[in-house]
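Participant: starting from these lines, generate the structure:
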Amino acid sequence: MAKEDCDQTEKGSRGQSNSVVWCEQRQGRITSSNLGSVFNRKETTPPDNLVKVLCGYISFDNRFVKLGRDHEPAARNVAVEKSASQSTNHHQHGADRAVDNCVTTTLESNCCSHTDHKGSTTAWWRVDLDQLTTINAITIYYRAQYPHRFAGYQLYVSNSTSSPQDGVLCFEDISTTRDEVQMVVTHQCPYVCQYVTVYNYRNNQKRHDWYDDYAVLELCEVQVWGCPVGRYGDGKCDSVCSGNCLGGNCNATTGDCFYCVPQQYGIKCEMECPLNCLDRLCENIDGNCSGKERQIEVSVALTD
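Facilitator: Numbering: from 1, shown residues only. Predicted structure coming up:
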């Protein structure tokens, strides 16, 4: 560790077990407080639990990760190895580390991006998906044990990069306590976009006393579940949306159309609007006429 990092760790870890820095720096190290557990372990006792304790094992079996896993087979992670950028770099922890397909949430793993933590009032991270993409959900893995830095973040999707807050706000964290901040979380974000941005800020008067003083982002992985516009499928995005979908776009998982071209309706816009609808225009879902119904003249042949 550099002297700067050592000084920061010493200052941040005062209070020991009450300090998140102290907890993180103990991960993967044998210290005076756990040395006894190593020497006193019986040969007949399986080492699994002891290894987990020493390595700071964190279970990801929660409902938010399950939601991300449920989406994984249906749409693919379109952010992997795409071009990423961020407001500043902390040492070697560049933006691309959040799209390297590594979900380990410790800085020592070299899997996490990290913006500079000195004096910043705003911080942002962005991935360019290369093309317009239909998104279902976005999963974020944040650096473990640093909720005070992640808290208050915002998630945006956009088609431009003139400002970190361009586009549509998909989510904003409003946690009121440290424990409420979800460090691994999946957000539903059903939009079409090319860029995904994570943004955070700190006001002169912090929103909560437990917030970090400065705006910092430490993203270990950002997974964007979706498909390029016009495609959907089973993790490969190898199926083409129906030509009756308006703009050729559909749900990246199911292939269902968001809207139909005129005169069509149904889940995949496979049915024609009724003849009695004015201009053959009807509702996408049920086929009910959008406007007035027209009178259909029926000729009846009279016979003797």
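
Participant: so which bits of stretch 192-203 are buried?
Facilitator: 192-202 (16 or more other C-beta atoms under 10 Å). Every C-beta, even on glycine, is put in place using the N, C-alpha and C of the backbone.

Participant: could you check how far it is from the centre of its chain?
Facilitator: Relative to the chain's own centre, stretch 192-203 is displaced by 11 Å; criterion: C-alpha atoms, centre = their mean, to the nearest Å.

Participant: average pLDDT across it?
Facilitator: With pLDDT averaged residue by residue, stretch 192-203 scores 96.

Participant: rewinding a little: make a markdown table out of the buried residues of stretch 192-203 and add secondary structure and distance to residue 136.
Facilitator: Shown next, in a markdown table, are the buried residues of stretch 192-203 (DSSP: H, G, I helix; E, B strand; the rest coil; distance: C-beta to C-beta, whole Å):
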| residue | secondary structure | distance to residue 136 |
| --- | --- | --- |
| 192 | strand | 11 |
| 193 | strand | 12 |
| 194 | strand | 16 |
| 195 | strand | 17 |
| 196 | strand | 12 |
| 197 | strand | 18 |
| 198 | strand | 18 |
| 199 | strand | 21 |
| 200 | strand | 24 |
| 201 | strand | 27 |
| 202 | coil | 31 |
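
Participant: and of those, the nearest to residue 77?
Facilitator: The nearest member of those to residue 77, counting by C-beta to C-beta, is residue 196 at 11.6 Å.

Participant: tell me the contacts of the closest one?
Facilitator: By C-beta atoms under 8 Å, 6 or more residues apart in numbering, the residues touching residue 196 are 79, 126-127, 129, 135, 138, 155-157, 222, 224.

Participant: relative to residue 249, which of these is nearest.
Facilitator: Of these, the one sitting nearest to residue 249 (C-beta to C-beta) turns out to be residue 135, at 11.5 Å.

Participant: what's the closest non-adjacent residue to that closest one?
Facilitator: residue 226 (4.0 Å; C-beta to C-beta, 6 or more residues apart in numbering).

Participant: if we can go back for a sec, make CSV from the buried residues of stretch 192-203 and add distance to residue 216 to it.
Facilitator: Formatted as CSV, the buried residues of stretch 192-203 follow (distance: C-beta to C-beta, whole Å):
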residue, distance to residue 216
192, 30
193, 25
194, 26
195, 21
196, 19
197, 16
198, 12
199, 12
200, 7
201, 11
202, 9
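
Participant: closest to residue 94 out of these?
Facilitator: Closest approach between these and residue 94, by C-beta to C-beta: residue 198, at 14.7 Å.

Participant: beta-bridge partners for that closest one, please?
Facilitator: Note on residue 198: beta-bridge partners by DSSP bridges are residue 125, residue 155.

Participant: and it, how far from residue 267?
Facilitator: Distance, residue 198 to residue 267, by C-beta to C-beta, to the nearest Å: 33 Å.
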